[in-house]
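Colleague: with the sequence up front, the predicted model follows.
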Amino acid sequence: MVEYDLKSLLEKLRDEKPLVHNITNYVVMNFTANTLLAMGASPVMAHAADEVEEMVSLASALVINIGTLSKHWIESMLKAGHRANELGVPIILDPVGSGATSLRTNTFRNLVKELRLSVVRGNGSEILSIASDSIRTKGVETAHGAEQALETAREVATKIDSVAAITGPVDLITDGKRVIRCSNGHPLLGSVTGTGCAATATIAAFASVTNDPLEATSAGLAFFGLAGEHAGTRTSSPGSFIISLLDALYEITPAEFQAQARLEMI
Amino acid sequence: MVEYDLKSLLEKLRDEKPLVHNITNYVVMNFTANTLLAMGASPVMAHAADEVEEMVSLASALVINIGTLSKHWIESMLKAGHRANELGVPIILDPVGSGATSLRTNTFRNLVKELRLSVVRGNGSEILSIASDSIRTKGVETAHGAEQALETAREVATKIDSVAAITGPVDLITDGKRVIRCSNGHPLLGSVTGTGCAATATIAAFASVTNDPLEATSAGLAFFGLAGEHAGTRTSSPGSFIISLLDALYEITPAEFQAQARLEMI
Amino acid sequence: MVEYDLKSLLEKLRDEKPLVHNITNYVVMNFTANTLLAMGASPVMAHAADEVEEMVSLASALVINIGTLSKHWIESMLKAGHRANELGVPIILDPVGSGATSLRTNTFRNLVKELRLSVVRGNGSEILSIASDSIRTKGVETAHGAEQALETAREVATKIDSVAAITGPVDLITDGKRVIRCSNGHPLLGSVTGTGCAATATIAAFASVTNDPLEATSAGLAFFGLAGEHAGTRTSSPGSFIISLLDALYEITPAEFQAQARLEMI
């Protein structure tokens, strides 16, 4: 078992309602904002190069998500990221679809090179794409098992000095040395768009209330996965699941979170 | 009590299904469109500088919302707004996040200066931002109580000759002389993204069927708040609340609206 | 009755989980992605000119939807479309709002001229807009009955050598010679934004598993309409309907699809 005080962490989050600045993709903006609100954080979406530096200076964490990329947005990601680094605001990166196109893979690599990231979260293919040109994702689907990608994740985490999280049926979280396995989750999360992106935002919310990125990532993925489990007890179809998931993010108490998180050091 | 004939107004709206042109932010586009459809209006979203003048000429009202701003969009907002002014199409402005960044504050001020607006709706901080540089919003959250902002709202409304509405737990609506308080609403509206933006669109829908902006704003905020109340009787969590809110916008009858609106002149 | 093996087609779809590349509008991106996931396909949204050619080469079908248009996006639509034509990837076009503004009408006509399309789906006004300047849509609403537009649809289908589908209370599908009528559907589909766009994506999903565009269009519209019918048995309000619709897209079995599709050659 991992000895995190998840109860206090969630209490702190709901008490402080930290502002999370998201530069994220069009598909998931609404769902991400509702995820953050439901769990108790305050979302803001802003992408204009003219304002991202100012906005990130108000925020407790920054999410960069490359899911619907274009050139102007990359410029804004870098601007916001550089300012976040200056201010010590943690950056959580979601390299959606990296490996599928050169634009995404190159952007992922460039963001890793230019910015000091706290956490990178993706599926196996996305995380692997930073290491090898020979790997291609099938869109945003996982083509490689999380386990297979673990060795690469360790190397990536070590190389970029951040936490790397590979999510899938089981999530693996590593800072290059320690590896935590998170077993919370539900198969229907794979039938709803943006659940990976929302999980990334959840990590950012927890990164607003702890300085330990391994703890924030573990808490975020356990919390989001647990909400999926709660939703899965109420429905077995994806439309209702979306709604029950948002409900669960709001309803799970700090004590339930502490008791039901399934995190183990491996 | 305010003596508006809300029953007839909602009947007229559902009969005419007015086209509301929205230049709004990415986060809330879907929810705003569904809000307008559910209540009985016809939404269209169009932002290209090449087409906004033509689109607004087909519409009964124009919503301008600065929630995810960038330079090209500001150009389109001005183009659409100038054409709306020429045609007498009412403009409803939602200065999302004004006060949080210079881009937003300056855009709000510029839109107020360039266009003849029918209604401006925001939270206290957003409305106050037009008057003072010293006020900063915490993202899109309300940092200042609605009551505190009332004096400024009166001044703003007088200065720009439009209706100013400050929404929060209680909504205050003023044309600079008269002040109407709307008590409809529900706390869960604060746990769902885009409810303020959707309330703005609701005002625009009513502005399509009455020439009195004070009446349109009162009707819109009372109707949206009442839908929140109805939703709040069915659920106490935000995911289900979103769905029940859309259901209520569709289900509330003109007679219920008349009976349950809580508007008073103060 | 039309003798399509819809049971096998849906089984194949759910087995292969084809990747559908969508260049679609902001309003419906989330709902479209969830529609495709719920029915068993894999969505990807990508619009950058720098990556659309690479992305479409991974896909089994391409959706082009002009619902929130701007110049950069048109360039990407053409790039993706040309590459799709080279690779034999079927293109399904949704000319949202064509007829309402010159930008949309001209874009529709230009896409038809530049690309070899498999299917064009729209309401009567949108389809008619390719033939005549004198017809104006009221936003994205149907101003002309589907029946009236049938003759034009036949001409359009013949001229551009593709399938044209006019959707409304009853859908008409034609390749210029044959005409199929689809009677599946539900009135509440008109009270939810993006149902037309999602129906288009559903056609694209089926076009990934059959080479016959008339069959793909018939299957897509019957399947989406049937999901609407299932949803309509569970609720009579639009918020709940959205959720029940997504649930139904996931739940309808291949045997139910075969038994309940209402397609007839006329």
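Modeller: Good, I have the coordinates.
Colleague: show me where pLDDT drops low in chain A?
Modeller: A:1, A:132-149 (pLDDT under 70).
Colleague: switch to 80 and redo it
Modeller: A:1, A:131-150 (pLDDT under 80).
Colleague: contact distance from chain B - what residues of it qualify?
Modeller: Proximity of chain A to chain B (Cβ under 8 Å from any Cβ of the partner chain) is limited to residues A:17, A:19, A:26, A:29-30, A:33-34, A:37-38, A:42-48, A:50-51, A:54-55, A:58-59, A:72, A:242-247, A:249-251. C-beta coordinates here come from the backbone N, C-alpha and C atoms, glycine included.
Colleague: out of these, name the ones that lie in helices.
Modeller: Of the residues of chain A next to chain B, the ones assigned to helices by DSSP state H are A:29-30, A:33-34, A:37-38, A:54-55, A:72, A:242-247, A:249-251.
Colleague: buried only: go through those for me.
Modeller: Buried members of those, scored by 16 or more other Cβ atoms under 10 Å in any protein chain shown, are A:29-30, A:33-34, A:37-38, A:54-55, A:72, A:242-247, A:249-251.
Colleague: might you report the residue contacts of residue A:247?
Modeller: Counting by Cβ atoms under 8 Å, 6 or more residues apart in numbering or on different chains, residue A:247 makes contact with A:38, A:231, B:235, B:237-240.
Colleague: among those, list the two that are farthest apart in space.
Modeller: A:231 and B:235 (14.3 Å; Cβ to Cβ).
Colleague: ok, those two, which is more surrounded?
Modeller: Taking other Cβ atoms under 10 Å in any protein chain shown, residue A:231 and residue B:235 do not tie; residue A:231 has more neighbours (24 against 17).
Colleague: nearest residue to the more buried one other than its sequence neighbours?
Modeller: Once flanking residues are discounted, residue A:231 sits nearest to residue A:244: 3.6 Å by Cβ to Cβ, 6 or more residues apart in numbering or on different chains.
Colleague: okay, and the closest residue to chain C within the stretch 151-266 of chain A sits in which element?
Modeller: Of the residues in the stretch 151-266 of chain A, the one nearest chain C is residue A:239, at a distance of 2.9 Å by Cβ to the nearest Cβ. According to DSSP states H and E, residue A:239 maps onto helix A:238-251.
Colleague: next structured bit after that helix?
Modeller: helix A:254-260.
Colleague: show me how far that following helix is from its chain's centre.
Modeller: Offset of helix A:254-260 from its chain centre (Cα atoms, centre = their mean, to the nearest Å): 20 Å.
Colleague: and that helix, what other elements does it pack with?
Modeller: Using 3 or more Cβ pairs under 8 Å, 6 or more residues apart in numbering or on different chains; DSSP states H and E, the elements in contact with helix A:254-260 are helix A:6-16, helix A:213-232.
Colleague: list the residues that contact the closest residue to chain B within chain A.
Modeller: Chain B sits closest to residue A:246 of chain A, with a gap of 2.9 Å, by Cβ to the nearest Cβ. Residues in contact with residue A:246 (Cβ under 8 Å, 6+ apart) are A:34-35, A:38, B:237-239, B:242.
Colleague: ok, the residue nearest to it when sequence neighbours are not counted to residue A:39 distance?
Modeller: Take residue A:246 and drop its neighbours on the chain: the residue closest to it by Cβ to Cβ, 6+ apart is residue B:239, 2.9 Å away. Residue B:239 sits 12 Å away from residue A:39, going by Cβ to Cβ, to the nearest Å.
Colleague: what's the overlap in contacts for the two?
Modeller: A:249-250.
Colleague: name the residues that touch stretch A:174-181?
Modeller: Residues contacting stretch A:174-181 (Cβ under 8 Å, 6+ apart): A:2, A:150, A:153-155, A:157-158, A:161-165, A:170-173, A:213-214, A:218, A:263-266.
Colleague: could you export that stretch as PDB, CA atoms only?
Modeller: The C-alpha coordinates for stretch A:174-181 follow below in PDB (Å, rounded to 0.1, in the frame of the first residue of the first chain):
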ATOM      1  CA  THR A 174       6.600   6.500 -12.200                       C
ATOM      2  CA  ASP A 175       9.200   9.100 -11.300                       C
ATOM      3  CA  GLY A 176      11.900   7.000 -12.800                       C
ATOM      4  CA  LYS A 177      12.700   5.300  -9.500                       C
ATOM      5  CA  ARG A 178       9.400   4.500  -7.800                       C
ATOM      6  CA  VAL A 179       6.500   2.800  -9.600                       C
ATOM      7  CA  ILE A 180       2.900   3.000  -8.400                       C
ATOM      8  CA  ARG A 181       0.200   0.900  -9.800                       C
END
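Colleague: so which of the contacts of stretch A:174-181 sit within strands?
Modeller: Those of the contacts of stretch A:174-181 mapping onto strands are A:163-165, A:171-173, A:263-265, per DSSP state E.
Colleague: among those residues, name the buried ones.
Modeller: A:163-165, A:171-173, A:263.
Colleague: wait, the residue nearest to residue A:231 touches residue A:236, no?
Modeller: No: judged on Cβ atoms under 8 Å, residue A:244 makes no contact with residue A:236 at a distance of 10.5 Å.
Colleague: tell me the contacts of the spatially most central residue of chain A?
Modeller: Closest to where the C-alpha atoms of chain A average out (Cα atoms, centre = their mean) is residue A:200, at 1.5 Å. Residues near residue A:200 by Cβ under 8 Å, 6+ apart: A:63, A:65, A:92-94, A:121, A:220.
Colleague: returning to what we had before: dump the helices and strands packed on helix A:254-260 to CSV, plus distance to residue C:226.
Modeller: CSV is the format used below for these (distance: least, Cβ to Cβ, whole Å):
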stretch, distance to residue C:226
helix A:6-16, 42
helix A:213-232, 26
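Colleague: which of the ones you listed is buried the deepest?
Modeller: helix A:213-232 (a mean of 26; mean count of other Cβ atoms under 10 Å in any protein chain shown).
Colleague: distance check, the residue nearest to residue A:231 against residue C:238.
Modeller: 19 Å.
Colleague: repeat for residue A:255
Modeller: Counting by Cβ to Cβ, the gap from residue A:255 to residue C:238 is 37 Å.
Colleague: those two: which has the busier surroundings?
Modeller: Neighbours per residue, other Cβ under 10 Å: of residue A:255 and residue C:238, the larger number sits with residue C:238, 25 against 12.
Colleague: on that earlier part again, list the contacts of the residue nearest to residue A:231.
Modeller: A:230-231, A:234-235, B:239.
Colleague: go again using 6 Å as the cut-off
Modeller: A:231, A:234-235 (Cβ atoms under 6 Å, 6 or more residues apart in numbering or on different chains).
Colleague: would you list the residues you listed in TSV and tack on distance to residue C:127?
Modeller: Converted to TSV, those look like this (distance: Cβ to Cβ, whole Å):
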residue	distance to residue C:127
A:231	40
A:234	42
A:235	38
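Colleague: ok, so of the residues you listed, who is nearest residue C:259?
Modeller: Within the contacts of residue A:244, proximity to residue C:259 (Cβ to Cβ) peaks at residue A:235, which comes in at 24.8 Å.
Colleague: these two touch, right, that closest one and residue A:242?
Modeller: No: in this structure residue A:235 lies outside contact range of residue A:242 using Cβ atoms under 6 Å: 9.4 Å.
Colleague: for stretch A:100-108, what is the distance to the chain centroid?
Modeller: In terms of Cα atoms, centre = their mean, the centre of stretch A:100-108 is set 18 Å apart from its chain centre.
Colleague: perfect, I'm done here.
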